[in-house]
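Novice: Got a predicted structure here, sequence first:
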Amino acid sequence: MATRYTFAVECWDPSGNTITETIAESAHLTVAIAAYEATLAVRPKDWVMLRNGARVVQSRPGPGTLLIECPDCKHEGALDRRKLPDGPIEQMKFKCRICGCRDVKPKK
Ligand SMILES: [Zn+2]
């Protein structure tokens, strides 16, 4: 019978859409947190997440990620900074994937 791990430490791409690497899996939260914190140190540029199934326990986006929030439905998203158009980020507006609002701005 295969072991079922409860916690996973993963690296994600800057947009938060794809797991690029699973660093560690453990049934023990204390061990998983230790692995998460070690991963933060050795992967300063990556988006590192500690998850329990679909639930995010800890998350630290890397410098390549721009976090955004919809003013209407409060949906939060992430964008890959390398794929943004040129110009000052504070003045950019994006479309909400959930409600279609076009006034989504970077989170402060
Ligand atoms: Zn919205």
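Specialist: All right, it came through fine. Numbers count the residues shown, from 1 in each chain.
Novice: Quick one: name the residues of this protein near the ion.
Specialist: 70, 72-73, 75, 96, 98-99, 101 (Cβ under 5 Å from the ion). To be clear about C-beta, it is placed using only N, CA and C from the backbone, and glycine gets the same treatment.
Novice: What sits closest to the most centrally placed residue in the chain if chain neighbours are left out?
Specialist: In the chain, the centroid-proximal residue (Cα atoms, centre = their mean) is residue 16; its distance is 4.6 Å. Nearest in space to residue 16, with sequence neighbours left out and distances taken as Cβ to Cβ, 6 or more residues apart in numbering, is residue 78 at 4.1 Å.
Novice: So the one you found lies in a strand, does it not?
Specialist: Yes - the assignment for residue 78 is a strand, going by DSSP: H, G, I helix; E, B strand; the rest coil.
Novice: who's in contact with it?
Specialist: Listed by Cβ atoms under 8 Å, 6 or more residues apart in numbering, the contact partners of residue 78 are 14-16, 47, 61, 65-68.
Novice: Drop anything exposed from those residues.
Specialist: For the contacts of residue 78, a neighbour count by 16 or more other Cβ atoms under 10 Å gives the buried set as 14-16, 47, 61, 65-66, 68.
Novice: what's the most distant pair in these?
Specialist: Maximum pairwise distance among the buried ones among the contacts of residue 78 (Cβ to Cβ): 14.4 Å, between 47 and 68.
Novice: related to what we said a few turns ago, could you report the separation of the residue nearest to residue 16 from residue 4?
Specialist: 28 Å (Cβ to Cβ, to the nearest Å).
Novice: contacts for the longest strand anywhere in the chain?
Specialist: Longest strand in the chain by number of residues, with DSSP state E as the criterion: strand 19-26. Counting contacts by Cβ under 8 Å, 6+ apart, the residues outside strand 19-26 that touch it are 5-13, 31-32, 35, 39, 43, 46, 48.
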